[in-house]
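> I'll drop the sequence and a predicted model, then ask my questions.
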Amino acid sequence: MKKNIFATHDALASELATEVAQRLSRAIETKGHASVAFSGGSTPKLFFSKLAEHSLNWAAVHVTLVDERCVDFDNERSNARLLHQNLLSKLSSQPVFHTLYKGEESVAQLNERLAELPRPFDCVVLGMGDDGHTASFFPNAGNLPTLLDLSQQQGLFGTEDGPDGEQRLTWSLAALLQAEYLVLHICGERKWEVLQDAMAPFNDNVESAELLLPVSVLLSQTTQVKPNGTPLDIYFAKNC
């Protein structure tokens, strides 16, 4: 369990890129392939650029997204577009990219298609919103209990509308917690305050799920709270 706190976003991005590259390389050496799920948003852009600088057998890496808006690739809000612009387009060899959103494809068809994605993930890089959401686990989502159900067997779900009014696709909490290694990548003082709020119930020994932010439910199943939980490191910089 580590809380990695950096003076600058650049230093954070460099260290996180090195850590992820090393973990993917070790997985390739061990299994012949690696798999990773990345998050969207503005925070990981610099991390993606730093990761692109690492020598890595990208052709042996399977890449997907933690979650995605149900918008076309040319939409500026597409996480697939963001990942392509900031990472994939900068690589000399291409990984196997498993996109989440494909037009009118049903969630059942999506799960069937992504059954070929090697899991559990070797690495998952998560973000967090000011409302305490991670992945597309929004506090106001009508199907939030399903998304956070640890006994859930289905990997991917559609979500109720988030605050931006867009439908989304997301990996379930159960699927993410199967990962070999999780990262929570956050920047800015407000995000740090939200993280402290998310950890407060555990510090106060409060167990009621009604009092937990979505990211709190994630944290409760990781080494940040549970010694034998899924390994999770926090990477934080005050300035973005």
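Sure thing, it's come through. Computed from a predicted model, the values in this text were never measured in an experiment.

> wait, a strand at Phe97?
Yes - under DSSP: H, G, I helix; E, B strand; the rest coil, Phe97 falls within a strand.

> the residue lying closest to it once chain neighbours are set aside pairs with what?
Nearest residue to Phe97, sequence neighbours excluded (Cβ to Cβ, 6 or more residues apart in numbering): Val63, at 5.1 Å. All C-beta spots, glycine's among them, are computed from the backbone N, C-alpha and C. Listed by DSSP bridges, the beta-bridge partners for Val63 are Val36, Phe97.

> I'd say Val63 and Pro95 touch.
Yes - proximity of Val63 to Pro95 meets the contact threshold set by Cβ atoms under 8 Å, at 4.5 Å.

> low-confidence ranges, this protein, go.
In the predicted model, the chain carries pLDDT under 70 at residues 1, 161-164, 204-211.

> what's the spacing between Glu104 and Pro95?
Distance, Glu104 to Pro95, by Cβ to Cβ, to the nearest Å: 26 Å.

> neighbour-wise, which of those two wins?
Ranked by neighbour count (other Cβ atoms under 10 Å), Glu104 and Pro95 place Pro95 first, with 22 against 6.

> distance of the more buried one from Tyr181?
Taking Cβ to Cβ, one finds Pro95 at 18 Å from Tyr181.

> check Gly165 too.
33 Å.

> neighbour count for the two, which is higher?
Counting neighbours by other Cβ under 10 Å for Gly165 and for Tyr181 shows that Tyr181 has the greater number, 19 against 6.

> wouldn't that one be in contact with Val124 here?
Yes - because the distance of 7.4 Å satisfies Cβ under 8 Å, Tyr181 is recorded as touching Val124.

> would you map the helices across this protein?
Secondary structure of the chain, counting by DSSP state H: helices at 9-31, 45-51, 79-86, 107-113, 144-147, 173-177, 189-203, 214-220.

> nearest to Trp58 among these would be which one?
Minimum separation from Trp58 across those (Cβ to Cβ) falls at helix 9-31, 8.8 Å.

> flag every buried residue along that closest one.
By neighbour count on 16 or more other Cβ atoms under 10 Å, the buried set for helix 9-31 is 9, 12-14, 16-17, 19-21, 23-25, 27-28.

> for those, could you give me JSON lines that also reports distance to Gln224?
Shown next, in JSON lines, are the buried residues of helix 9-31 (distance: Cβ to Cβ, whole Å):
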{"residue": "His9", "distance to Gln224": "22"}
{"residue": "Leu12", "distance to Gln224": "18"}
{"residue": "Ala13", "distance to Gln224": "21"}
{"residue": "Ser14", "distance to Gln224": "23"}
{"residue": "Leu16", "distance to Gln224": "17"}
{"residue": "Ala17", "distance to Gln224": "22"}
{"residue": "Glu19", "distance to Gln224": "16"}
{"residue": "Val20", "distance to Gln224": "18"}
{"residue": "Ala21", "distance to Gln224": "23"}
{"residue": "Arg23", "distance to Gln224": "18"}
{"residue": "Leu24", "distance to Gln224": "22"}
{"residue": "Ser25", "distance to Gln224": "25"}
{"residue": "Ala27", "distance to Gln224": "23"}
{"residue": "Ile28", "distance to Gln224": "27"}
